[in-house]
Structures are given as structure tokens and as C-alpha cells.
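Participant: below: sequence and its predicted model.
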Amino acid sequence: MSWTSPEGKVVVVTGASSGIGEATARRLVRVGATVVAVARRDDRLTALADELSSERGRLVPHAADVTDTAAVDALAARVRDEFGACHALINNAGVGGGAFVGRDDLDDALHTLDVNLLGTVRCLAAFADLLEASAPARVVNVASVAGKLGIGPAGYAASKFGVVGLSEALSLSWASRDITVCQLNPGFIVTEGFPQAHLTSGPMARLVGEPDDVAARIVEVLRTGVPERTVPSWYRSFVALRHLAPPVYRAVASRIDRAGGDRSE
């Protein structure tokens, strides 16, 4: 089965009850995919399935927490037993986290790492064999530009740097299994967990995107199998500046509000 279209494919999307995950599930169902939509909030998933019931594809709700290894294993077992394949895994579940100042912030930082990085690792481990059996298969790990630049809450940046490194390593090591692994790095996107009010209400509003902007790129990545994508693409210029002119980058970055380690709302 080729990857010219998601139509007829079985796709697992985590963090699907809102934001980027929900927008991605909508797009995939509308082009004919069977989407196993995963999140903790089962009521939202059920409502989304009802809403999309007349579309070409199908949305299957599955309540699970990516920090629970047994729950992730049960998810993979259900997909294997019920559908017999997993053609794509979209690891999107994530949290933002707060500033890291000292001991009082340890639990928050560990939770952020557990959801964003280890949740992705759990899903990859649980689905690896089924993805290979369903090859050609796709993995899209939703990381962040913060996983390239390290501006903002330290726990969040660390988690996303981890997702970037994990994705890059697997894009090489899993290629022989006919599984492509993409790191998809969004910039500022307005979601429930990331309202970006400090930007949308000011002159920087043009820097902020919508969940569907990212969802469109995810569907494109599924078709093409590219190993890396930044949304919007012009954010890559900041990444290039970080590597080519570190002093200039640090001078610019230090003037950004989030360089203080907080996540402005």
C-alpha cells in the first residue's frame, strides 16, 4: 500500500481532543482515513466522532494517558486486534509546563518530560512492530521550534529537544524497516493549552498560526515521508542563525520575553 493518500489508512493520533491533534484527526477523516483518536478526555473524543460520522473516513475514540505504559500498550493491542494495521502514528500529546527556578518546580518539569518526551517513547515502543508489519509506515512526532532554540520554560524546551533528537535518530535507524520518522516543529500556534494571547493581541500577531496550519503540514508529511518540517517554514531562519552566528542569535534571543523562562499567556 503506497502513501500517495491517507485514504484507507489506519492512523493513530494522540492528543486528539483539541488543538493540533483534533485538527489533524478532522483532516484525516475527511480524506478517508480511519483515525484512532487518543486523549484523556473521552467525552470530547466521542463528540468529535459523532460530528465526523458523515465524512468519508471514520474516527474511533480511545481514552488513554500517554504517561501510563500499560494504557499505551493496551491501545496498541486494540489497534492490532481491531484493525490489523497501523499505517501512521502521530505523536502529538503534549503539555507546556512552567518556569524552572528550583526545587518547587521539579514535579512540573518531570511531568512535562513524562508527557512530551517519554509519552512519545512509550507510543513508539508499543507501535514499532505493528508499524513495521504495516509498512510502508509513517511516524510524525510533533516537536516544536522550542526544541531547536531552547527559548521558554526549560522543562518544555528539554522535552522538545529530546523529541527532536529521538526523531532524528529513528529517522535513520528505522529507515531499513520502511518506517519514515518525521520531526514536525511548529512555531507559535494558538491552542487551548497555548493561547498565545501576548502575541495575538499585539503587532506580533502575524507570527501566530492556527492548529489547522500544522494539521495540513502533517497530512503533507504523511504523503511525502520527509524527515523534518517546520511550520511556518520561515522559522528555520532562526534555527540557522543559532548555528551559523551564535553570538548574534543569543543577542536576539535574550530580548525575547520567554528568554526569562516563563510561558507568557
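Facilitator: Everything's here; your move.
Participant: enumerate every residue touching the residue nearest to the spatial centre of the chain.
Facilitator: Nearest residue to the geometric centre of the chain (C-alpha atoms, centre = their mean): Val142, 2.3 Å. By C-beta atoms under 8 Å, 6 or more residues apart in numbering, the residues touching Val142 are Gly15, Ile20, Ile90, Asn91, Asn92, Gly94, Val163, Leu184, Pro186, Val214, Ile218. For every residue, glycine as well, the C-beta is placed using N, CA and C.
Participant: any idea which of the residues you listed is closest to Gly147?
Facilitator: Val163 (5.9 Å; C-beta to C-beta).
Participant: ok so, going back, out of the contacts of Val142, list just those in helices.
Facilitator: In this view, the contacts of Val142 that belong to helices under DSSP state H are Ile20, Val163, Val214, Ile218.
Participant: can I get the residues you listed in TSV with distance to Leu124?
Facilitator: As requested, those are exported to TSV (distance: C-beta to C-beta, whole Å):
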residue	distance to Leu124
Ile20	18
Val163	10
Val214	20
Ile218	17
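Participant: between those residues, which is nearest Leu48?
Facilitator: Closest to Leu48, out of all of the ones in helices among the contacts of Val142 and judged by C-beta to C-beta, is Ile20, at 13.7 Å.
Participant: these two touch, right, that closest one and Leu184?
Facilitator: No - in this structure Ile20 lies outside contact range of Leu184 using C-beta atoms under 8 Å: 9.2 Å.
Participant: of these two, which one has the most company?
Facilitator: Neighbours per residue (other C-beta atoms under 10 Å) separate Ile20 from Leu184, with Ile20 holding more: 29 against 25.
Participant: contacts only, for the more buried one.
Facilitator: Asn92, Val142, Pro186, Ile189, Thr191, Pro211, Val214, Ala215, Ile218.
Participant: return the member of those nearest to Lys148.
Facilitator: Pro186 (11.2 Å).
Participant: just the helices in the stretch 101-250 of the chain please.
Facilitator: Ranges of helices within the stretch 101-250 of the chain are 106-113, 119-133, 146-149, 154-173, 197-200, 211-224, 236-244, 246-253, based on DSSP state H, counting those that start in this stretch.
Participant: which regions of the stretch 1-150 of the chain sit below the pLDDT cut-off?
Facilitator: Scanning the stretch 1-150 of the chain for pLDDT under 70 picks out the ranges 1.
Participant: same thing but 50
Facilitator: Counting by pLDDT under 50, the stretch 1-150 of the chain contains no low-confidence range.
Participant: which neighbours do Ile20 and Leu184 share?
Facilitator: Val142, Val214, Ile218.
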